[in-house]
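*Asks:* heads up, no residue letters with this:
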């Protein structure tokens with residue numbers, strides 16, 4: 001039974017992928033019908049891919065049959081609630097509708113189904129957020145202080161959360177259907193037609209001469225492929241299955257190999273020009289042109305990946321790893337370079353369409369189309385087995401359906417925040433704190449971003465964070481593009497931040513390492529990513545588009561480059577030679593202080609940091625001279 005259901009669901013997922021391509025070209029339908037019908041189809045797909053019975057595989061057949069029945073009932077009630085939403089939407093807009101007890105209960109069951117499917121697809125975190133939001137809405141009138149609201153019954157709650165455009169069927173669902181789904185399909189198509197395999201081979205060839213070897217190749221491949229995939233965990237598993245064993249074979253620890261892959265895969269989401277499709281979503285939310293967002297994101301992303309390269313090189317030198325021997329290095333042929341256009345061609349198509357002034361959705365359409373055409377032209381394996389493309393489309397449909405579950409859960413939270421006023425209260429508190437100290441306001445916002453983003457894929461994480469916290473951070477008087485990049489960075493970095501750390505959890509089994517140890521190494525490697533958002537908030541010139549000043553840009557780049565070196569050597573414990581603990585601690589302190597706003601502290605850290613580096617070089621030269 002499970003096999004039959006899965007096959008049927010994969011066909012439906014393929015239909016969803018084709019639907020996304022159709023919508024990117026022709027546009028959407030009437031919103032109430034479009035959102036409710038597609039959401040219901042996504043519920044069917046996710047329920048079929050993650051049936052309740054799969055959690056009880058060892059139980060007797062009658063019990064598993066009962067699990068299938070439970071799923072069927074939940075899906076059926078969700079379908080009814082979607083149908084009722086379509087029928088009632090006109091009356092809702094005219095404020096002349098009454099909801100029966102069954103309408104309210106069916107909507108509540110539909111919401112519970114969304115949250116349960118979110119749990120099955122992405123784990124407990126986001127589902128629990130949705131449950132707590134509903135409980136808070138129904139019972140928050142009994143809470144003290146900041147959290148108390150006037151009280152709402154089930155009918156009022158369901159009217160906002162389900163029967164309207166403020167909750168499940170609100171803006172996040174609309175933006176996923178009109179814009180994000182096509183890029184999810186695009187990432188799946190690239191992976192399915194073999195673009196990632198060629199990319200990994202080229203990355204190994206480019207980095208063969210470095211000490212880091214496979215670790216540097218993982219950074220290059222994950223950075224490039226992660227930019228298009230839109231899923232950190234898919235990137236970790238896709239590239240990590242090949243790179244992590246090779247990194248370990250060169251002599252790196254398992255946890256370090258997993259941490260490199262997790263940090264590099266997470267960073268792919270901040271790498272222009274695609275940024276895991278977030279660049280297009282950001283352009284839509286902010287009104288800032290897409291190309292301007294790419295320019296703004298470029299330098300911070302390069303600094304992030306530069307710090308990863310430095311850390312891997314230092315670790316390789318610390319444990320005595322040498323470059324891969326010439327005879328073992330990957331060789332790139334003319335055919336490989338030609339096949340790399342399976343990835344480069346669609347990216348160029350995206351840029352060309354956007355430069356021509358067309359919509360991001362249209363860019364997604366041409367990205368998918370060019371990717372398919374180039375794959376058939378350049379990859380003989382695909383011509384021999386065209387079913388690979390169908391499987392890729394189906395996987396894209398499944399991935400998009402899962403994101404729809406997460407976005408439905410986000411809609412629940414946003415509706416509750418708006419209905420109870422908690423979102424406004426929170427924004428007011430951050431704004432008040434920001435008037436006292438911008439730094440403390442940003443620290444609170446960054447911590448909140450990490451918490452809200454934990455356990456979620458990149459795009460839903462960015463959506464929920466920017467819709468909940470964006471107004472609060474914007475009230476601190478920051479440029480809009482800096483606000484969105486700030487929350488986006490911490491949403492991305494939540495994938496490696498304990499205790500959830502999805503990217504590290506995905507990498508750890510491949511590396512045969514402890515997930516939390518792997519996550520802590522990934523955080524250490526990605527520390528610059530946690531600091532760069534503060535740097536471009538205080539120094540907008542780093543974004544190249546907001547309040548640009550050449551002197552400020554030069555100053556912040558010098559400090560950032562020196563900070564990267566000090567922090568990397570401090571964490572690894574090696575520069576020209578092994579460092580004592582006091583030297584490591586002092587380097588870490590100087591690296592962080594370099595990014596503060598106090599000019600005197602910056603100057604002191606600059607002098608001390610340079611002195612530490614120069615003295616270490618001088619001592620190493622003396623040892624070599626007398627050794």
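*Replies:* That came in fine, so what should we check first? The structure displayed is predicted, hence computed values, not measured ones.
*Asks:* Let me know the average pLDDT across the host helix or strand of residue 160.
*Replies:* Element membership for residue 160 (DSSP states H and E) is helix 154-161. For helix 154-161, the mean per-residue pLDDT is 90.
*Asks:* Now do the buried residues in that helix.
*Replies:* 154, 155, 157, 158, 159, 160, 161 (16 or more other C-beta atoms under 10 Å). Yep, even glycine has a C-beta here, placed from its N, CA and C like the rest.
*Asks:* Can you report how many residues lie near the residue nearest to the fourth one when sequence neighbours are not counted?
*Replies:* Okay, so that is residue 158. Distance criterion C-beta to C-beta, 6 or more residues apart in numbering; nearest residue to residue 158, sequence neighbours excluded, is residue 107 at 4.3 Å. Counted with other C-beta atoms under 10 Å, the neighbours of residue 107 add up to 28.
*Asks:* List the residues that contact residue 107.
*Replies:* 81, 84, 99, 158, 161, 162, 163 (C-beta atoms under 8 Å, 6 or more residues apart in numbering).
*Asks:* Output the contacting helices and strands for the helix or strand just after the helix holding residue 160.
*Replies:* Next in sequence after helix 154-161, counting helices and strands by DSSP H and E, comes helix 171-175. Judged by 3 or more C-beta pairs under 8 Å, 6 or more residues apart in numbering; DSSP states H and E, the packing partners of helix 171-175 are helix 31-49, helix 387-420, helix 458-474.
*Asks:* Looks to me like residue 272 is in a strand.
*Replies:* No. Using DSSP: H, G, I helix; E, B strand; the rest coil, the secondary structure at residue 272 is coil, not a strand.
*Asks:* How about residues contacting stretch 247-257?
*Replies:* Applying C-beta under 8 Å, 6+ apart, the contact partners of stretch 247-257 are 213-215, 218, 243-244, 260-261, 315-316, 319-321, 324, 507-508, 511-514, 517-518, 521.
*Asks:* Which members of the residues you listed are classed as buried?
*Replies:* Neighbour counting over the contacts of stretch 247-257 (16+ other C-beta under 10 Å) leaves 213-215, 218, 243-244, 260-261, 315-316, 321, 324, 507-508, 511, 513, 517-518, 521 as the buried ones.
*Asks:* could you list every residue that touches residue 34?
*Replies:* Here residue 34 is in contact with 28, 177 (C-beta under 8 Å, 6+ apart).
*Asks:* give me that answer again for 10 Å
*Replies:* 19, 23, 27, 28, 169, 173, 174, 177, 178 (C-beta atoms under 10 Å, 6 or more residues apart in numbering).
*Asks:* With residue 592 instead?
*Replies:* So residue 592 contacts 527, 531, 563, 566, 567, 570, 605 (C-beta under 10 Å, 6+ apart).
*Asks:* Correct me if wrong: the third one contacts residue 595.
*Replies:* Yes. Contact status for residue 563 versus residue 595: in contact at 5.8 Å, counting by C-beta atoms under 10 Å.
*Asks:* Tell me how many other residues crowd the residue nearest to residue 448 when sequence neighbours are not counted.
*Replies:* Using C-beta to C-beta, 6+ apart and skipping the chain neighbours, the partner closest in space to residue 448 is residue 469 (5.8 Å). Around residue 469 there are 25 other residues, counting by other C-beta under 10 Å.
*Asks:* separation between residue 469 and residue 126?
*Replies:* 16 Å (C-beta to C-beta, to the nearest Å).
*Asks:* Number of residues surrounding residue 379?
*Replies:* Residue 379 has 18 nearby residues by other C-beta under 10 Å.
*Asks:* quick one on the thing from earlier: TSV for the helices and strands packed on helix 171-175, including mean pLDDT and distance to residue 578?
*Replies:* What follows is these, written out as TSV (pLDDT from 0 to 100; distance: least, C-beta to C-beta, whole Å):
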stretch	mean pLDDT	distance to residue 578
helix 31-49	94	50
helix 387-420	90	45
helix 458-474	78	38
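*Asks:* and of these, who's closest to residue 204?
*Replies:* When the helices and strands packed on helix 171-175 are compared by C-beta to C-beta, helix 387-420 sits nearest residue 204, at 23.1 Å.
*Asks:* C-terminal to that closest one, which secondary structure element comes first?
*Replies:* Sequence-wise, the next helix or strand downstream of helix 387-420 (DSSP H and E) is helix 422-436.
*Asks:* residues contacting residue 18?
*Replies:* Counting by C-beta under 10 Å, 6+ apart, residue 18 has contacts 185, 393, 396, 397.
*Asks:* Try it again at 8 Å.
*Replies:* residue 393 are the contacts of residue 18 under C-beta under 8 Å, 6+ apart.
*Asks:* Spell out which helix or strand contains it, please.
*Replies:* helix 2-26.
*Asks:* if we can go back for a sec, which of the contacts of stretch 247-257 fall within helices?
*Replies:* Of the contacts of stretch 247-257, the ones assigned to helices by DSSP state H are 214-215, 218, 243-244, 260-261, 315-316, 507-508, 511, 517-518, 521.
*Asks:* What is the end-to-end distance of stretch 505-524?
*Replies:* Terminal residues of stretch 505-524 are spaced 16 Å apart (C-alpha to C-alpha, to the nearest Å).
*Asks:* Apologies, that question was intended for stretch 573-580.
*Replies:* Here the two ends of stretch 573-580 are set 7 Å apart, with distance taken as C-alpha to C-alpha.
*Asks:* Pull the distance from that stretch to the chain's centre.
*Replies:* Taking the mean of its C-alpha atoms, stretch 573-580 sits 34 Å from the chain's own mean (C-alpha atoms, centre = their mean, to the nearest Å).
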